[in-house]
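>>> below are the sequence and a predicted model for it; my questions follow.
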Amino acid sequence: MKKYVIIAFLAGMMMFAAGCHRRPLHDMDEKLAIRVTIDLDTVSNVMTNIYNENVTKPNTNTDMLRVFLYDHNSNTSLAQTFLSDKSYDEAGHQVLSGYMNVSYGTFDFLIYNFDTPNTLIKNENSERNIEAYTSEMTRTPDNLMVSYQPDHLMVAREQNFHVAPHTETPTLETTAHTCLNTYYIQIHVEGMRFLTGCSATISGLYSGNMFGRDSGRDGILGERVENPSTCVYFTMEKSTDPNIAGENKDVLCALFNTFGKIEDVTSNLYVTFNAVDTEGNQLQKVVNLDVVFRSADAIDRHWLLLDEVWSIPDPIPHSVGGGGFQPLVDDWEEQHGEIAL
């Protein structure tokens, strides 16, 4: 009887073995593919609402993105990587992609371009406190901060992004938008031939952007920094405006980037033009911008079209000294003496 039991057991084992097959073991994949599209389509004076085709446009090229992975509850940084594999989609948008080592869980992702010479970043390890800003250049006579104009900062945010355990690499696809505004400004000029150069500063502007936070308003990315406010410095270009009536259509114009105009600011909201004429004389004109910023052109298209004419007077030659670039020297006089070595 025992013999038959053993035979039945062996037969059962053979049938069990025939019903199984060998399967290789797989380790869990901790790699996440990331693909970011750069979208500038709605940025006035860059891709749309172009007032002057001849003015120099700000640089919007992006060659590297920085990716931060934050803990969703503590908002602290867990890891970071960089994306530099660049391509273009069918619509011509820049696309940057790469990989990041991510275990499974729920995270916040914050992505921004890492090739902005003027736009600086601080407090990177905190999603709530990460801030974009620019360096201070100088102070005005009334002690207002003057800063370099920022470069476009392209930002993508993905909050509560869940990464499930996986054996095949998942992909995070997102779109980056700028957290800046680009404005066009111009002033009508008479006597343009007397000018050699001109710069400008505009006051009443935000000094930074905490772009890891929600603004709570549609179309505005991040929480903009109002205190302290700043003035932005930029150079003006010589151009013409065919929309101006009359024969003289000369204008000084520029495109400038800013974190935005401070809401409801009416005091200290002005532009200061500083120019040099052909004799080296310094010229200045200050224009209040309260009315201009309330215009439909400024609100809808970011055009600051100043309804003023700057008349440049005939340059006055320097009779003494000749100015900084034209010094005059009296007749040389010989002096004799000894030098101790």
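It's in. Numbering: from 1, shown residues only.
>>> shaky segments in the protein?
Flagging of the chain using pLDDT under 70 yields the residue ranges 1-29, 216-219, 265-268, 318-341.
>>> any idea which residue is closest to the centre of it?
Most central residue of the chain, judged by C-alpha distance to the mean C-alpha position with Cα atoms, centre = their mean, is residue 152 at 2.0 Å.
>>> surely that residue is in contact with residue 257?
Yes. Counting by Cβ atoms under 8 Å, residue 152 does reach residue 257; the two are 6.4 Å apart. C-beta coordinates here come from the backbone N, C-alpha and C atoms, glycine included.
>>> now do the shared contacts for these two.
Counting by Cβ atoms under 8 Å, 6 or more residues apart in numbering, the residues touching both residue 152 and residue 257 are 58, 180, 182.
>>> run a quick neighbour tally on the residue lying closest to residue 242 once chain neighbours are set aside.
Nearest-residue entry for residue 242: residue 249, 6.2 Å, with adjacent residues in sequence omitted and distances by Cβ to Cβ, 6 or more residues apart in numbering. Burial measure for residue 249: 14 neighbouring residues, criterion other Cβ atoms under 10 Å.
>>> for residue 214, same thing?
For residue 214, the count of nearby residues is 11 (other Cβ under 10 Å).
>>> ok, the residue lying closest to residue 125 once chain neighbours are set aside - contacts?
In space, and not counting its chain neighbours, residue 125 is closest to residue 77: 4.4 Å by Cβ to Cβ, 6+ apart. With contact taken as Cβ under 8 Å, 6+ apart, residue 77 is in contact with 68, 69, 70, 124, 125, 126, 127.
>>> same check on residue 33?
Applying Cβ under 8 Å, 6+ apart, one finds that residue 33 lies in contact with 97, 98, 99, 169, 170, 171, 172.
>>> grab the nearest non-local neighbour of the fifth one.
Sequence neighbours aside, residue 32 is the residue nearest to residue 170 in space, at 6.1 Å (criterion: Cβ to Cβ, 6+ apart).
>>> am I right that that neighbour falls within a strand?
Yes. For residue 32, which was evaluated using DSSP: H, G, I helix; E, B strand; the rest coil, the result is membership in a strand.
>>> picking that back up, highest neighbour count among the contacts of residue 77?
Comparing these on neighbour count, residue 127 comes out first with 25 neighbours (neighbours: other Cβ under 10 Å).
>>> would you confirm that that one contacts residue 78?
No. Judged on Cβ under 8 Å, residue 127 makes no contact with residue 78 at a distance of 10.4 Å.
>>> hmm, back to that, next, work out how far apart the residue nearest to the centre of the chain and residue 42 are.
Applying Cβ to Cβ, to the nearest Å, one obtains 13 Å for the distance of residue 152 from residue 42.
>>> good, we can wrap up now.
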